[in-house]
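[1] prediction below, plus the sequence it came from.
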Amino acid sequence: MSETPEKPDGGVRRTCDQCRSRKVRCDRETPCSNCRITQRECSFTGALQKPRAVRQRVLISHQYENKIDSFEARLTGIEGMLRELTTSLKRGGTSTPGSESIIHSFISPGYTAAGPSSICDRASIPDAGDTDQAFEGNSSLAAHTTLASEFLEQAVTNTSLNRQLNPDMQNALASLQKMVRMQNRKGDPFESRFIHQQQMPKGGYSQLPLPPAEAILKLLRKVKAAPPMTFLISLTFVTVDNFVDSCRKIYFPTEDYNIATFITVNTGLYYLFQDNTCSATEDFSDEECLRYQEMSRDNLETAVANLPLLLPARKDMVEALVLSATYAVEISKLSLAWQLNSAAAMICQTLGWHQLRNEDNPADERITLFWFCYVLDKGLALRFGRTPVIQDWDISATRHFGNATLPASWNVMISQWISTGGILGDIYQNLYSPSALAKEQSLRVETARLLVEKMERIWNEMVEFSISSGARHQDVLKGFSNEPRNQKTLDMLHKSGRVTHLSTLTLIYRAIPSAPGFPSTFNVECIDAARGAFSCHIECMELTADNPVAMAGYLHWTILYSPFTPFIVLFCHVIETSNVDDLQLLDQFAESLQPALSTSQAIEKLFRLCKLLHQIAALYIEAKGQQQQDKDMNMVGNDFDTYLSQLGFIPQNHAGESINIPSAPASNSVPLANPGQELGDWFSGNRYVLGLMEDDFLDIDPGMWSGL
């Protein structure tokens, strides 16, 4: 007896439909013998019926009904917006009051559509798998960006239909669009990881390779005989004797040393070998200096990356943290510098250094270390738009920088930096903090005028102790390596102080509105201070032309750390007024960075950002100049305005005027931003754009644009 045919899945095949209906025996082949003889179609559907597909049970709950209502409300809003936008395009790119109302309602957090809840409310509720969003300071842009960035992308894309833009215009708009969209990204916006850190050996940091002891002994003898400029600048709160003693603990240990000592030694060696790299000596070749510098750098980054969460409250730990923060500023990892210095500031307060009054010992190293930490705290807090860790009203320590191994005039100059640091804290607290922006404009203006007076008074005192004259040089360099390049470095430090002074004044003057009828948002004093800072910057670059390390140090500490507000001020001024001379200053500043591109990745990013903003400003002026003759250029100008407004660089009222939006009726109009909100938007945009130097945003090479 033959086997019964099986289906491919292993089951027994049923009798075919034809045999079943005729009630004859089926051999269950495919086709069966009966169907072959009768030439019928041999099918197996069972009872002459097609098999029913398995149907899923439909569950409609209240939650699904709400989602359907939400989708319907969203589609209704989008359809209305597209209708108005299409009408606007047919009229030549000019929006109507109705379209403006829809645009504002789509962006405004208060917008509600037909349905159980508002679109904005639903968009603001994260999914269960979403991560928390990083805090973005006092930016009022964050409240708008979620829907605004999507709307802007659609609006610009729609207005770009049927028009052929040159590649430069397309690249500029794409770059601005990317800036706007990135404002709403989640997580830490900036990378806070060292790139040279190594895997920690099993035996811990003590097993990391060190430069040879013979080379270190040779270096320390040289340092003891004539301390280099490193101990005046980067290691200004570390004495030579203490550093030598720390090196002895690492290289000739009689007992276990802690990670703080390891960090201090490797940071100091990094700076000392960096200094030697640029001055060929008979003691070290450039290749040796570079190799030992990189080894010390890797050890430093590895040790800092492996610091424990709970740090001991000791002087050596504060010293290690502040040195690490200084190094982070040097490599333009400012967010990491903020974290390290904040930890140091908290330990300082735990130890009570902020209330340490030691008149009998003005050279107390604890006071020196505390004030250096204080200056970093104030500068970085303003840089990120956050509250400083150390509050002035809680300090009773003597305001004096007293490193006994430094010349008196140098200590006086650093004391002036401490006073400047206090003003940086006042700028944020009284002009740009949320509470300050909520105050009446007249109160902010009065405070700004007082801060200007303080800044001018501090600068005049600093000029009195200026080290730019020959006599001051001899005083400062007494006991230090008195090389010609060191005297140039001192000149540069004085000039860079002027750049910082003018940059700070620019930020203060920005809080003062311009006079009625003046064509710019920025007042005359603000613009003049910004132009003066540009001029002093060019002088600093000329002074350091033959010293790459000094040039990189100037750019890191004066331009990147501050940050350099004058560039954003003149950029915005060019956007508002189409000032060709200031546009040239933007290009001049970017080109001045060319000699330092190979010394630092951060400087290269700064160069690319400045080039990008200069090109955007140039194309913006071009688009605005051709609006009357070319309707396509009118649309391009509108797109520029839209993005720049979202970045806080164009006031809402200016943007509205430039794209020729007529005023809507009072009942439907959205009120313009108040002065405090407008100032806060600009401050946030300034911090955000300059903060892109720490980000991977700058993957665009503006040099590829045909206009460069």
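    Ah, there it is. Residues are numbered from 1 along each chain as shown.
[2] how near is residue 431 to residue 79?
    44 Å (CB to CB, to the nearest Å). Just so you know, the C-beta spots here come from the backbone N, C-alpha and C atoms, and that holds for glycine as well.
[3] of these two, who's got more company?
    When residue 431 and residue 79 are compared for neighbours, residue 431 comes out ahead with 23 against 10, by other CB atoms under 10 Å.
[4] wouldn't that one be in contact with residue 444 here?
    Yes - Residue 431 sits in contact with residue 444 when judged by CB atoms under 8 Å, with a separation of 5.9 Å.
[5] now do the shared contacts for these two.
    With contacts defined as CB atoms under 8 Å, 6 or more residues apart in numbering, the residues shared by residue 431 and residue 444 are 511, 679.
[6] what stretches of the stretch 451-600 of the chain score poorly on pLDDT?
    Counting by pLDDT under 70, the stretch 451-600 of the chain has low-confidence residues at 465-490.
[7] tell me which stretches of it form helices.
    In the stretch 451-600 of the chain, the helices defined using DSSP state H, counting those that start in this stretch lie at 470-476, 484-509, 524-543, 548-554, 565-577, 580-592.
[8] residue 603: which of those is closest?
    Ranking the helices of the stretch 451-600 of the chain by proximity to residue 603 (CB to CB) places helix 548-554 first, at 6.7 Å.
[9] which strands and helices sit next to the closest one?
    helix 259-277, helix 484-509, helix 524-543 (3 or more CB pairs under 8 Å, 6 or more residues apart in numbering; DSSP states H and E).
[10] tell me which helix or strand comes right after the shortest one.
    Counting by DSSP states H and E, the next helix or strand C-terminal to helix 259-277 is helix 286-305.
[11] which residues sit against the following helix or strand past that following helix?
    Per DSSP H and E, helix 286-305 leads on to helix 315-330 as the next helix or strand towards the C-terminus. Helix 315-330 is touched from outside by 234-235, 237-238, 258-261, 263-264, 267-268, 270, 300, 304, 311, 334, 336-338, 340-341, 343-344, 347-348, 351, 365-366, 369, 372-373, 376, 552-553, 556-557, 560-561, with contacts defined as CB under 8 Å, 6+ apart.
[12] swap the cut-off to 6 Å and go again
    The contact list for helix 315-330 (CB atoms under 6 Å, 6 or more residues apart in numbering) reads 260, 263-264, 267, 304, 311, 336-337, 340-341, 343-344, 347, 369, 373, 376, 556, 561.
[13] hmm, back to that, just the helices and strands packed on helix 548-554: most buried one?
    Among the helices and strands packed on helix 548-554, ranked by average contacts under mean count of other CB atoms under 10 Å, first place goes to helix 259-277 (a mean of 24).
[14] now that helix against helix 315-330, angle please.
    Calculated by axes from the mean of the first three to the mean of the last three CA atoms, to 10 degrees, helix 259-277 forms an angle of 40 degrees with helix 315-330.
[15] put the alpha carbons of helix 259-277 into CSV.
    Provided in CSV are the C-alpha atoms of helix 259-277 (Å, rounded to 0.1, in the frame of the first residue of the first chain):
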residue,chain,number,x,y,z
ILE,A,259,46.0,60.2,42.7
ALA,A,260,46.0,64.0,43.4
THR,A,261,49.8,64.0,43.5
PHE,A,262,50.0,62.0,40.3
ILE,A,263,47.7,64.5,38.5
THR,A,264,49.6,67.5,39.8
VAL,A,265,53.0,66.1,38.6
ASN,A,266,51.8,65.0,35.2
THR,A,267,50.0,68.4,34.6
GLY,A,268,53.1,70.3,35.6
LEU,A,269,55.3,68.1,33.4
TYR,A,270,52.9,68.5,30.5
TYR,A,271,53.2,72.3,30.7
LEU,A,272,57.0,72.3,31.2
PHE,A,273,57.7,70.0,28.3
GLN,A,274,55.3,72.1,26.2
ASP,A,275,57.3,75.2,27.1
ASN,A,276,60.6,73.4,26.2
THR,A,277,59.2,72.2,22.8
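[16] and that helix, what does it pack onto?
    Contact analysis of helix 259-277 by 3 or more CB pairs under 6 Å, 6 or more residues apart in numbering; DSSP states H and E lists helix 240-251, helix 286-305, helix 315-330 as its packing neighbours.
[17] and the longest one, what does it pack against?
    For helix 286-305, the helices and strands in contact under the criterion 3+ CB pairs under 6 Å, 6+ apart are helix 259-277.
[18] now do the helix it packs on, average pLDDT.
    Averaged across helix 259-277, the pLDDT comes to 88.
[19] quick check: angle from it to helix 240-251?
    Angle of helix 259-277 versus helix 240-251, following the same axes, to 10 degrees, is 110 degrees.
[20] which residues touch helix 259-277?
    205, 228, 230, 234-235, 243, 246-247, 249-250, 284, 286, 289-290, 292-293, 296-297, 299-300, 303, 316-317, 319-320, 323, 327, 549.
[21] pull out the buried residues from those.
    Taking 16 or more other CB atoms under 10 Å as the criterion, what is buried in the contacts of helix 259-277 is 205, 228, 230, 234-235, 243, 246-247, 249-250, 284, 289, 292-293, 296-297, 299-300, 303, 316-317, 319-320, 323, 327, 549.
[22] show me what stretch 239-258 is in contact with.
    The contact list for stretch 239-258 (CB under 6 Å, 6+ apart) reads 213, 220, 227, 261, 264, 265, 268, 405.
[23] including distance to residue 499, could these go into TSV?
    Rendered in TSV, the data for those read as follows (distance: CB to CB, whole Å):
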residue	distance to residue 499
213	41
220	35
227	26
261	36
264	30
265	33
268	27
405	28
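[24] how near is residue 193 to residue 335?
    Taking CB to CB, one finds residue 193 at 10 Å from residue 335.
[25] can you pick out the residue with more neighbours from these two?
    Taking other CB under 10 Å, residue 193 and residue 335 do not tie; residue 335 has more neighbours (18 against 10).
[26] what helix or strand is that one on?
    Using DSSP H and E, residue 335 maps to helix 334-350.
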